[in-house]
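Colleague: Following is a predicted model, sequence given first.
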Amino acid sequence: MPIKRIKARSSGIRQTIVIDYKASLTTDEPYKKLLVSQNKKAGRNNQGKITVRHKGGGQKQKYRLIDFKRDKYDKVAYIKTVEYDPNRTCFISLVSYEDGDKRYIISPEKIKIGDKIVSSKNGCDIQIGNSMPISLIPEGTFVHNIELIHGKGGQLSRSAGTASQILGKDETGDYTIIKLSSGEVRKVMNNCFATIGKVSNGDHNLVNIGKAGRNRNKGIRPTVRGSAMNPNDHPHGGGEGRQPIGMDAPRTPWGKRHMGVKTRNKKKSSSALIVRRRKN
């Protein structure tokens, strides 16, 4: 996808790099029947207490109902649009089925207006945008929107530019082994669905925010360093001038270790399906 650098008319936009949406998208108007209003919580729970810091404000957004399940089997659909979605990093596409039903899907890379896509339990052509059980997809194929539980909808490889690669079957034949974008290798049940191709907007990682105001528009509030605080506000605080943290490891404002600490539950049942962790 093309990117563009903003002309340096001020210091705030001197480093800004953005996606060239005019060259990437086909329409600015979303399909209103698939829009849902969402209330902002500003990082607070039902008691009004802040449970997620540095959130608040931001531009109003409406949620686009995405068809992650792709459960309209053996019905041909046509790509109508490629649109921007404020709730995710990739683009989305509006598809129209032969019976008139319209749905949003995650837009694959290189998809074009008028292309045909289909979802089938019995397999279909290995073409971009087609969805089928992962056991029917050849080895080496790149896929996205991968289910972990059949019928729940895609949960893996949904962000911009990501894709997972089919490596083959395991020794039992009940699972398919895939390699994720992170480098993790894991098993997925054979009946879980996946969509052929990579996710669109692969240049998203080249975007440079450029100024604080764009983060505020996204609902992200400023983050203050712990070392700039007083001792009663943060374990890293205090001292005359700049000081090291004076501890064996970085801490959260509440004294717990963080930055590099493993937080995954060791008793999680799905750990048995991970063949190789991403950092090994």
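Modeller: Yes, it's here. Numbers count the residues shown, from 1 in each chain.

Colleague: Could you measure from residue 111 over to residue 80?
Modeller: Spatial separation of residue 111 from residue 80 under the definition Cβ to Cβ, to the nearest Å is 11 Å. Heads up, the C-betas are built off the backbone N, CA and C, glycines and all.

Colleague: Report the set of residues contacting both of these two.
Modeller: In the contact map built from Cβ atoms under 8 Å, 6 or more residues apart in numbering, the residues linked to both residue 111 and residue 80 are residue 93.

Colleague: Helix, strand, or coil at residue 143?
Modeller: Residue 143 carries the three-state label strand when classified by DSSP: H, G, I helix; E, B strand; the rest coil.

Colleague: I meant residue 104, not that one.
Modeller: Here residue 104 is recorded as strand under three-state DSSP.

Colleague: you'd agree it is up against residue 66?
Modeller: Yes - using Cβ atoms under 8 Å, residue 104 makes contact with residue 66 at a distance of 5.0 Å.

Colleague: Quick check: neighbours shared by the two?
Modeller: Counting by Cβ under 8 Å, 6+ apart, the residues touching both residue 104 and residue 66 are residue 92.

Colleague: before we move on, the earlier item: pick out whichever of residue 111 and residue 80 has more residues nearby.
Modeller: When neighbours are counted by other Cβ atoms under 10 Å, residue 111 and residue 80 differ, and residue 111 comes out ahead with 20 against 16.

Colleague: Pull up the per-residue confidence for the more buried one.
Modeller: If you check residue 111, the pLDDT there is 91.

Colleague: contacting residues for it?
Modeller: Under the criterion of Cβ under 8 Å, 6+ apart, the neighbours of residue 111 are 79, 82, 93, 128-129, 197, 200.

Colleague: Likewise for residue 188?
Modeller: When contacts are counted by Cβ under 8 Å, 6+ apart, residue 188 touches 134, 146-148, 175-178, 194, 273.

Colleague: Could I have the buried ones of the residues you listed as PyMOL selection syntax?
Modeller: For selection in PyMOL, the members of those meeting the burial criterion (16 or more other Cβ atoms under 10 Å) are listed in this command:
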select buried, resi 134+146+147+175+176+177+178+194
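
Colleague: Among the contacts of residue 188, which one sits closest to residue 16?
Modeller: When the contacts of residue 188 are compared for distance to residue 16 (Cβ to Cβ), residue 146 wins out at 33.8 Å.

Colleague: What's the separation between the closest one and residue 36?
Modeller: Residue 146 is 25 Å from residue 36, where distance means Cβ to Cβ.

Colleague: can you map out the helices along the stretch 1-150 of the chain?
Modeller: Counting by DSSP state H, counting those that start in this stretch, the stretch 1-150 of the chain has these helices, from start to end: 21-24.

Colleague: again with the stretch 151-280 of the chain
Modeller: Listed in chain order (using DSSP H, counting those that start in this stretch), the helices of the stretch 151-280 of the chain are 212-217.

Colleague: what stretches of it score poorly on pLDDT?
Modeller: Under the criterion pLDDT under 70, the flagged ranges of the stretch 151-280 of the chain are 280.
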